[in-house]
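[1] no sequence on hand, only this structure:
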């Protein structure tokens, strides 16, 4: 089977959702202690997460604003300095834990902390809007223009908004079409070899014996795909959109659009009563512990 043609959410919708998700993140994080551990990001505090989100927005803004056609690493390092044995996940986590007096001073004030988050998102949205679709620009995979970045920004910000909502005991309720587009963005990357360096270092250990996992939304949204089939084939992982009804899978996950996003990003355990799982739970647990970063 091959992936069906898919039309992502329009770029202007993605940038609008980027701003909305950043504002929701800022609101949820505004009055929480910076030292509070973030359960869905083991080893991170809220301060680490706030810095990480702003650094991610600044990283993408730099690539777009400079029209870079090569990888610029988060933190502004040159790409040829990446061969130090540090994985992408480790590099990004290390940057998030690295504060400065100026930044940490801003984060201690609730109002300044909120602006710190929304400023980064606003600048990224402006950088996306300030470059034409025909201009060459580096992207981790797919078309080498700005097409990747609005979806990535919406996805990244929504997932980390969920982290703060879960920490604060608030409901995570993105629009259904946004949640499903984010699920698609996440899952489809597992089938793209060029995305490999940006996935979990453990991804290379996922099975390769033809095992299959089905991720299905319990509710749809107009124009959005609502089910995906992951095949762990000997020649590489394949991801199929909108597999026909009745397509068998070794493990199947069914959840609401928002909860499905939380599951595929490791923020909600599949044993939650909000999630329905059938088939091989050990396979599902292994996938989630090795594919999700």
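    Okay, I see it. Model, not experiment: these values are computed from the prediction.

[2] hang on, residue 216 in a helix?
    No. With DSSP: H, G, I helix; E, B strand; the rest coil as the criterion, residue 216 is strand rather than part of a helix.

[3] what's the separation between it and residue 137?
    34 Å (Cβ to Cβ, to the nearest Å). C-beta: built from backbone N, CA, C; applies to glycine.

[4] neighbour-wise, which of these two wins?
    Higher neighbour count among residue 216 and residue 137: residue 137, with 22 against 17, using other Cβ atoms under 10 Å.

[5] pretty sure the more buried one is touching residue 68, no?
    Yes. Residue 137 sits in contact with residue 68 when judged by Cβ atoms under 8 Å, with a separation of 6.5 Å.

[6] which parts of the stretch 101-250 of the chain are helices?
    Applying DSSP state H, counting those that start in this stretch to the stretch 101-250 of the chain gives helices spanning 101-108, 110-129, 148-168, 176-189.

[7] let's have those in a markdown table, adding mean pLDDT.
    Shown next, in a markdown table, are those (pLDDT from 0 to 100):
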| stretch | mean pLDDT |
| --- | --- |
| helix 101-108 | 82 |
| helix 110-129 | 97 |
| helix 148-168 | 98 |
| helix 176-189 | 97 |
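
[8] switch those over to TSV; also include mean neighbour count and distance to residue 16.
    Output for the helices of the stretch 101-250 of the chain, formatted as TSV (neighbours: other Cβ atoms under 10 Å; distance: least, Cβ to Cβ, whole Å):
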stretch	mean neighbour count	distance to residue 16
helix 101-108	13	25
helix 110-129	19	8
helix 148-168	23	9
helix 176-189	23	10
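
[9] export these to a markdown table and tack on distance to residue 233?
    Shown next, in a markdown table, are the helices of the stretch 101-250 of the chain (distance: least, Cβ to Cβ, whole Å):
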| stretch | distance to residue 233 |
| --- | --- |
| helix 101-108 | 45 |
| helix 110-129 | 35 |
| helix 148-168 | 25 |
| helix 176-189 | 15 |
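
[10] which stretch of helix or strand covers the closest residue to residue 160 other than its chain neighbours?
    Computed as Cβ to Cβ, 6 or more residues apart in numbering, the closest residue to residue 160 that is not its neighbour in sequence is residue 53, at 5.2 Å. Using DSSP states H and E, residue 53 sits within helix 46-65.
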